[in-house]
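how would this look folded up:
(2 chains)
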Amino acid sequence: MKSTEPFNDIAPTLIFTYGNPSRGDDGLGPAMFELLENSKQTSHDLDKVDLLTDYQLQIEHSVDLEHRECVLFIDASVSAEAPYEFHQLQPERDNSYTTHAMSPVSVLDVYQQINQCKPPPSYMLTIRGYEFGLGQALTEQAELNLQQGYDFIKQLLATDFEQWPKIRARDDKENK
Amino acid sequence: MSSDNISSQLETAKNPEDMERIVINPLTRVEGHGKVTLLQDENLNIKQARLHISEFRGFEKFIQGRPYWELPVLVQRLCGICPVSHHLAAAKATDMIVGAAELTPTAEKIRRLMHFGQTLQSHALHFFHLCSPDLLFGFDDDVRHRNIIGVIEDSPEIAKQGVLLRKYGQEVIRVTSGKRIHGTGAIPGGVNKTLSKKEIDYLKADIDQIISWSQDAVVLIKRIFFEHYDYHMSFGTIDSNMLSLTGNDGAFDIYHGGLRARDEKGKIIFDHVDYTNYGDYIKEGVKNWSYMKFPFITSIGQDDGWYRVGPLARVNNCDFFTTPMAEKERQEFIATGNGLPVQSTLAFHWARLIEVLHCAEAIKELLNDSDISGTELLNRGELQSTGIGVIEAPRGTLFHHYEINDDGIVEKANLIVSTTNNNQAMNESIRKVASQYLDGNKLTEPLLNQIEVAVRAYDPCLSCATHAMGKMPLQINLVNANDELIDRLEKRVTGEIDRTV
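From the prediction side, this is the model:
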């Protein structure tokens, strides 16, 4: 099947944000997408990055991971430590495949199963959110976390992929 | 379908205070959250079964005060599962508001292409991801294996086809709506983009493969269905009225047409009804134990006027498919009813896959139609204060109704979603299953899964597009008449089940 190939060349890095922009801080992922997309217009540090966004993750998103060197998922969370958490992901069978929306690790697992090979190195940036009510805007604190997360991504993209796990370690230490 | 049926008698127990209450909450592998409560007497007989859906109608309020031209984009946020359904239903409603009685051929065909793409991907997800584990492995398979991962392990090709069918449908949506999500393709009075040759060639490249896989999927469901024919024909089977749109000539049509309703014997109740008059034919009833409404056919009344929508109703209701392979499959499907509508609840799956095949065939036809690269995209007329749009969403008939003021601001909105239309029918099916398989038995996970299997057949979309899953594993509470918890089963993230009280 050829339609897995998009019109344009596949960038080595994929940043995949998800969430519902109509549900308060659940929109942190899509808000980050907008920030990054705007940045793409004005600077070159995202030239080798594809940006994708969706309400939630599903099985077909495993196809978006093909031919990538690195993947960064971005989501909101009520339980993450503020302003954000960052860590590497490994394929895992959690219970999210029983629902209409999957976790990133479960998408990686589907990738591994259907392609019979390991998925590209994948990371999770979880931005702390606070209110998820229908029709609400981002909270003030979430906006601040979003900006810090954005700065972190810029720093991340300026770093070789091999160094990303170390960034996680450094970030964890700082958080503690 | 009469209210005298056993299933209807299980709606309300005579002495609920004497019963044990079992709650299946949340249901898994349906879109969103719902729960089932069962009341069992001391002899383990099921005396009451109810499906509760925590419907949240706040969106209608949320829409009020917004300009009508925002609606096709705004309503996509109703649901992360079928945003395109809401996008198109709202677009049709706003067509009426802007006085566009007809769309240009280009606009209508691009919208149809988008709709076929979304129906294809939605059905593919439902069959390959949510239901095939039950159907391929059996309803009493080990719960740890009865999931999509089990399908991938045992039948990697089937699983991969499911992923790629869904991906293709998403690509059709992306190309026709301009974006992967929050598409703006359909606007009041038409569409805002045509299709380029590059886009058409891109989609054409895979369509023959998609048709072939869709054919394989129909063969697969028929094999599954006929291997245990009696079981599939009787499981959760209820006699119901059926409602759907059909084309003016009686053809299967999921984008536009008149409302047609048949009774449980297949006799026409009403036909070719202009859907803008839906309020004269359908009412929404209420019950004191549920927040979700119970629509019914007005002329029959609430007790017996409930109906089913979705693939089963559509394939039963239409006179023919316009595409040859789907039409051949429809004829085989209808033949199993021996002159009556096919009422098997599990036949939803079969009908759904016939629709997948039709969508694939219809996408190919449209990709070869020069109108989809036309340049006349919009029609406009005189502004109206009322907009009503109805489409056949993947899960069934979807109504959007808006009233606007002189400034174009929405003052009133009423949405009847597919799952609400199937509310009573899903309740009837679980009561049937409860009386067929649970009555007199000690409750176990495979038995409780039978209830979920009946609900899943309808592919209910209870989604609110949040992603709170993983925090709500399956939990079954056993509560006595004083609401005291006396037992609890929990399904852990590993799929293992523990008794935690």
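
phi, psi of residue B:241?
phi -70, psi 160 (degrees, to the nearest 10).

which residue, other than its chain neighbours, is closest to it?
Distance criterion C-beta to C-beta, 6 or more residues apart in numbering or on different chains; nearest residue to residue B:241, sequence neighbours excluded, is residue B:307 at 3.9 Å. (Each C-beta comes from the backbone N, C-alpha and C, glycine too.)

got phi/psi on that neighbour?
According to degrees, to the nearest 10, residue B:307 has phi -150, psi 170.

is it true that it touches residue B:261?
Yes: with contact defined as C-beta atoms under 8 Å, residue B:307 reaches residue B:261; the gap is 6.4 Å.

quick one, which of those two is more surrounded?
residue B:307 (28 against 24; other C-beta atoms under 10 Å in any protein chain shown).

where's the more buried one relative to residue B:227, distance?
Look at residue B:307 and residue B:227: by C-beta to C-beta, to the nearest Å, they are 30 Å apart.

same deal with residue B:130?
20 Å.

compare those two (neighbour count), which wins?
Neighbour totals were compared for residue B:130 and residue B:227, and residue B:130 leads with 21 against 9 (other C-beta under 10 Å).

I'd assumed residue B:456 was in contact with the more buried one.
Yes: using C-beta under 8 Å, residue B:130 makes contact with residue B:456 at a distance of 6.2 Å.

what about the residue of chain A found nearest chain B, neighbour count?
Among the residues of chain A, residue A:55 lies closest to chain B, at 3.2 Å counting by C-beta to the nearest C-beta. Using other C-beta under 10 Å, residue A:55 is surrounded by 28 other residues.

quick one: secondary structure of residue A:130?
Look at residue A:130: counting by DSSP: H, G, I helix; E, B strand; the rest coil, its state is coil.

can you count the residues close to it?
Number of residues near residue A:130 (other C-beta under 10 Å) recorded here: 15.

verify the stated contact: it with residue A:141.
Yes: if you go by C-beta under 8 Å, residue A:130 and residue A:141 touch, sitting 5.9 Å apart.

count of neighbours near residue B:170?
When neighbours are counted by other C-beta under 10 Å, residue B:170 comes out with 26.

about what we covered before: can you list residues touching both of residue B:307 and residue B:261?
B:241-243, B:297 (C-beta atoms under 8 Å, 6 or more residues apart in numbering or on different chains).

the spatially most central residue of chain A in helix, strand or coil?
Nearest to the geometric centre of chain A sits residue A:73, at 1.6 Å (C-alpha atoms, centre = their mean). Put simply, residue A:73 is strand when judged by three-state DSSP.

for residue A:123, same thing?
strand.

list the contacts of it.
So residue A:123 contacts A:70-73, A:86-89, A:164, A:168 (C-beta under 8 Å, 6+ apart).

if you set the cut-off to 7 Å instead, what comes out?
For residue A:123, the contact set (C-beta atoms under 7 Å, 6 or more residues apart in numbering or on different chains) comprises A:72, A:86-89, A:164.

for it, give the beta-bridge partners.
Beta-bridge partners recorded for residue A:123 (DSSP bridges): residue A:72, residue A:88.

what's the pLDDT at it?
At residue A:123, the model reports a pLDDT of 96.

quick one: residues contacting residue 92.
Because you didn't say which chain, this covers chain A. A:105-106, A:109.

hm, I was asking about chain B
So residue B:92 contacts B:389, B:391 (C-beta under 7 Å, 6+ apart).

looks to me like it is in a strand.
No: counting by three-state DSSP, residue B:92 is not found in a strand; it is helix.

quick check: residue A:92 is in a helix.
No: counting by three-state DSSP, one finds residue A:92 to be coil, located in no helix.

so where do the strands sit in chain A?
Counting by DSSP state E, chain A has strands at residues A:13-18, A:49-54, A:70-77, A:84-89, A:122-128.

output the below-cut-off pLDDT ranges for chain B.
Chain B contains residues with pLDDT under 70 at B:1-35, B:52-58, B:78-80, B:132-154, B:439-443, B:461-501.

need the longest helix for it.
Longest helix in chain B, counting residues (DSSP state H): helix B:197-227.

past that helix, which element shows up next along the chain?
Proceeding N to C from helix B:197-227, the next assigned helix or strand is helix B:229-234, under DSSP states H and E.

give me the contacts around the next helix or strand after that next one.
Where DSSP H and E defines the elements, the next helix or strand beyond helix B:229-234 is strand B:241-246. Strand B:241-246 is contacted by residues B:1, B:252-253, B:256-264, B:269, B:297, B:305, B:307-309, B:313-314, B:316-318, B:341, B:390, B:392, B:397, B:421 when judged by C-beta under 7 Å, 6+ apart.

now with 8 Å, please.
B:1, B:252-254, B:256-264, B:269, B:271, B:275, B:282, B:297, B:300, B:305-309, B:312-314, B:316-319, B:341, B:390-392, B:396-397, B:421.

do the same with stretch B:290-298
With C-beta under 8 Å, 6+ apart, stretch B:290-298 has contacts from B:50, B:52-55, B:241, B:243, B:261, B:269-270, B:280-287, B:302, B:305-307, B:416, B:420-421, B:423-424.

rerun at 6 Å
B:53, B:55, B:261, B:281-286, B:302, B:305-306, B:420-421, B:423-424 (C-beta atoms under 6 Å, 6 or more residues apart in numbering or on different chains).

could the C-alpha coordinates of it be exported in PDB?
What follows is stretch B:290-298, C-alpha atoms only, in PDB (Å, rounded to 0.1, in the frame of the first residue of the first chain):
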ATOM      1  CA  SER B 290     -31.800   7.800  32.700                       C
ATOM      2  CA  TYR B 291     -30.500  11.200  31.700                       C
ATOM      3  CA  MET B 292     -30.400  10.100  28.100                       C
ATOM      4  CA  LYS B 293     -33.500  10.600  26.000                       C
ATOM      5  CA  PHE B 294     -35.500   7.800  24.300                       C
ATOM      6  CA  PRO B 295     -36.600   8.900  20.800                       C
ATOM      7  CA  PHE B 296     -39.600   7.200  19.300                       C
ATOM      8  CA  ILE B 297     -41.900   7.300  16.200                       C
ATOM      9  CA  THR B 298     -44.700   9.700  17.200                       C
END
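
buried set for that stretch?
Going by neighbour count (16 or more other C-beta atoms under 10 Å in any protein chain shown), the buried part of stretch B:290-298 is B:290, B:292-297.

how much space is there between residue B:330 and residue B:218?
11 Å.

export the shared contacts of residue B:307 and residue B:261 as CSV, with columns for distance to residue B:345.
Listed next are these as CSV, based on distance: C-beta to C-beta, whole Å:
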residue, distance to residue B:345
B:241, 15
B:242, 13
B:243, 16
B:297, 20
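
scan the residues you listed and report the most crowded one.
Ranked by neighbours (other C-beta under 10 Å), the shared contacts of residue B:307 and residue B:261 are led by residue B:243, which has 28 neighbours.

who is it paired with across the strands?
residue B:261.

find the nearest non-adjacent residue to the residue nearest to the centre of chain A, please.
residue A:104 is the one closest to residue A:73 (C-beta to C-beta, 6+ apart), at 4.4 Å.

residue B:393 too?
residue B:85 (3.6 Å).

tell me, how many residues neighbour the one you found?
29.

just checking, next helix/strand downstream of the helix or strand where it lies?
Counting by DSSP H and E, the element that carries residue B:85 is helix B:83-97. Towards the C-terminus, the helix or strand next in line after helix B:83-97, according to DSSP H and E, is helix B:105-124.

show me what that following helix is packed against.
helix B:156-177, strand B:190-191, helix B:347-367 (3 or more C-beta pairs under 6 Å, 6 or more residues apart in numbering or on different chains; DSSP states H and E).
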